[in-house]
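Colleague: curious how this folds, go ahead:
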Amino acid sequence: MANMRMDKNPMPQQDPAVRRGNFDEAALGYDLPTAMDEAARCLRCKVPKCVRGCPVGVPVPDFIAKVAEGDMDGAYDLIAGANDLPAVCGRLCHQEQRCEGQCIRGIKGESVAIGALERFVADRHLAAGETSREALPLPEPNGHSVAVIGSGPAGLACAGELLRRGYDVTVFDAFSEPGGMLTHGVPSFRLPGNVAAAEIARLQRAGVKIETGAAIDQDRSIDALFEEGFEAVFIGTGAGVNQPLGIPGEDLEGVYTAYQVLPRGEGASIGRRVAVLGSGDMALDAARCAVRLGAEKVCLVCRAAYAEGLSARKEDVARAREEGIEFLPDHEAAELLADAKGHVAGVRAVCVEPDGTQTDERVLPADTVINAVGAATGPRLLDSTPGLNGSAAEGVRADAVTGATSRVGVFAGGDAVTGADTVIGAMAAGRRAAAGIDVYINSR
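Modeller: Okay, the predicted model is just below:
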């Protein structure tokens, strides 16, 4: 019988006053009794809208039923059959806009904590070191090989799906460690590095080959990959270049891009008063990093109205407020102001109505400004690949269903196409592209 309590079990977390001073994970995860109690809240709907809300099709009620029964191995097998990064998604996915947003329990109360349950199951599996339960039922090799460029969520999801279809898959990544922005852009207070590393290692054990320090550009181009024998190429390079602000003062000393601050701020010297420009996960992560790096006052300047919700995860917005971060909604930076020495001293922010009318203007003192308004893939692959067309988002243009690009045999998906977006959105694009690659190769 379902547990009809209206509210979900809260996620245990570090005390805000304590976590301001460290980069340890803020959310601590459920224990077994809590997970089983939360799983009992699921109604096992005959038409589970939560599944339709999941971009990768995790069988949500089925895995939750296993949790309620205490069968965590069975729950893991169900999740991992659809999601190659469950411990990552349990932490980073915007469940309130996806599966949990479709949960029937959310109509008169709080939805089932699907993300927290997914994280619990995946974390338990990783902690047990259960390498025998990889949950990747693989067919016989089909004799075809595919190259994947980028080992972030889109590339890993594409590689995992291709592996399930019998392909020999090699992932190329320019960094020395795989994971893309999971490794190099998300702070450890949201995603500990060992979690992403463990999930990537699982894919490698299953058969995905990963070459790090292997940039695909002018020196080793996409055309060279075809010459090496790969029959198709997937571009999942992510959005690793912050877009310029396009306002006066953005070249002042003390102005950084988000990627210079994330994941731990090694590339920036944070001052006492910090203004972060942006409204998504990247901006919120940068603001919370600034707090942990010693800033006394941090303000997030965001075009979104706070009442309508930022594009970051709801629970992370709440944690940021608990950590003392202030918000200036409905505003955007119009100019960065300088002191007598050419160092940034403030932000002139304006409120712009939909018709372009400015209704408010204010100046925020700031000795550090972080640009986190957006990101794109950058020109490297486009410049080195003749015939590969770009998109309006300053990435690669690709078909939304198949991932096919203007170059025959070349596919793309995730942030490399859309600009900075969500982890689960990138993974769904990678899986769709894998299906498109399968159709392409089998039709030749």
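
Colleague: what residues go with each domain of the chain?
Modeller: Dividing the chain into domains by automatic domain parsing, as the record does, gives the ranges 16-128, 145-241+376-442, 244-373.

Colleague: what about the stretch 201-350 of the chain, any weak spots by pLDDT?
Modeller: Within the stretch 201-350 of the chain, the ranges that satisfy pLDDT under 70 run 306-309.

Colleague: ok so, going back, turn the domains of the chain into a markdown table, columns for mean neighbour count and distance to residue 4.
Modeller: Every C-beta, even on glycine, is put in place using the N, C-alpha and C of the backbone. What follows is the domains of the chain, written out as a markdown table (neighbours: other Cβ atoms under 10 Å; distance: least, Cβ to Cβ, whole Å):
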| stretch | mean neighbour count | distance to residue 4 |
| --- | --- | --- |
| domain 16-128 | 20 | 8 |
| domain 145-241+376-442 | 22 | 29 |
| domain 244-373 | 19 | 23 |
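
Colleague: can I get the ones you listed in CSV with distance to residue 5?
Modeller: Formatted as CSV, those follow (distance: least, Cβ to Cβ, whole Å):
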stretch, distance to residue 5
domain 16-128, 6
domain 145-241+376-442, 27
domain 244-373, 19
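
Colleague: give me the distance between the closest residue to residue 180 other than its chain neighbours and residue 273.
Modeller: Leaving aside its sequence neighbours, residue 180 sits nearest to residue 152 (Cβ to Cβ, 6 or more residues apart in numbering; 2.4 Å). Using Cβ to Cβ, to the nearest Å, we find residue 152 at a distance of 33 Å from residue 273.

Colleague: and for residue 106?
Modeller: Going from residue 106 to residue 273 by Cβ to Cβ gives 39 Å.

Colleague: where does the prediction get shaky in the stretch 51-200 of the chain?
Modeller: Looking at the stretch 51-200 of the chain by pLDDT under 70, you get 130-137.

Colleague: can you do 90?
Modeller: Along the stretch 51-200 of the chain, the model assigns pLDDT under 90 to residues 128-139.

Colleague: can you map out the helices along it?
Modeller: 60-69, 72-80, 86-92, 114-128, 153-164, 181-184, 193-206 (DSSP state H, counting those that start in this stretch).

Colleague: cool, the stretch 301-444 of the chain as well?
Modeller: Under DSSP H, counting those that start in this stretch, the stretch 301-444 of the chain gives helices at 314-322, 380-384, 415-418, 423-442.

Colleague: how about these in a markdown table, adding distance to residue 19?
Modeller: Below are those laid out as a markdown table (distance: least, Cβ to Cβ, whole Å):
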| stretch | distance to residue 19 |
| --- | --- |
| helix 314-322 | 8 |
| helix 380-384 | 37 |
| helix 415-418 | 28 |
| helix 423-442 | 22 |
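
Colleague: between those, which gets the lowest average pLDDT?
Modeller: If you rank the helices of the stretch 301-444 of the chain by mean pLDDT, helix 380-384 sits at the bottom with a mean of 78.

Colleague: residues in contact with that helix?
Modeller: Residues outside helix 380-384 that contact it (Cβ atoms under 8 Å, 6 or more residues apart in numbering) are 149, 215-218, 221-222, 235, 237, 388, 390, 396, 416.

Colleague: can you pick out the most distant pair from those residues?
Modeller: 215 and 390 (19.1 Å; Cβ to Cβ).

Colleague: hang on, the earlier thing: residue 8: which of the domains of the chain is closest?
Modeller: Of the domains of the chain, the one closest to residue 8 (Cβ to Cβ) turns out to be domain 16-128, at 4.4 Å.

Colleague: I'd assumed residue 99 was in contact with residue 113.
Modeller: No: contact criterion Cβ atoms under 8 Å: residue 113 and residue 99 do not qualify, at 10.4 Å.

Colleague: if I look at the closest residue to residue 93 other than its chain neighbours, how far off is residue 48?
Modeller: Sequence neighbours aside, residue 424 is the residue nearest to residue 93 in space, at 4.6 Å (criterion: Cβ to Cβ, 6+ apart). Residue 424 sits 17 Å away from residue 48, going by Cβ to Cβ.

Colleague: what's the answer for residue 117, then?
Modeller: Counting by Cβ to Cβ - residue 117 and residue 48 are separated by 14 Å.

Colleague: and the strands in the stretch 251-400 of the chain?
Modeller: For the stretch 251-400 of the chain, strands defined by DSSP state E, counting those that start in this stretch occupy the ranges 255-257, 273-277, 297-301, 326-328, 332-338, 344-352, 358-365, 368-371, 375-376.

Colleague: what's the closest of those to residue 29?
Modeller: Using Cβ to Cβ, these put strand 297-301 closest to residue 29, at 26.4 Å.

Colleague: other SSEs contacting that closest one?
Modeller: The helices and strands touching strand 297-301, judged by 3 or more Cβ pairs under 8 Å, 6 or more residues apart in numbering; DSSP states H and E, are strand 273-277, helix 281-292, strand 326-328.

Colleague: next one: the last one to chain centre, how far?
Modeller: Once both centres are worked out by Cα atoms, centre = their mean, to the nearest Å, strand 326-328 turns out to sit 23 Å from its chain's centre.

Colleague: so what touches it?
Modeller: Contact with strand 326-328 is made by 297, 298, 299, 300, 301, 302, 306, 321, 349, 362, 364, as judged by Cβ under 8 Å, 6+ apart.

Colleague: so for residue 74, which of the strands of the stretch 251-400 of the chain sits nearest?
Modeller: Closest of the strands of the stretch 251-400 of the chain to residue 74 is strand 375-376, at 38.9 Å (criterion: Cβ to Cβ).

Colleague: what residues does that closest one touch?
Modeller: 239-243, 258-259, 282, 393-395, 415, 419-420.
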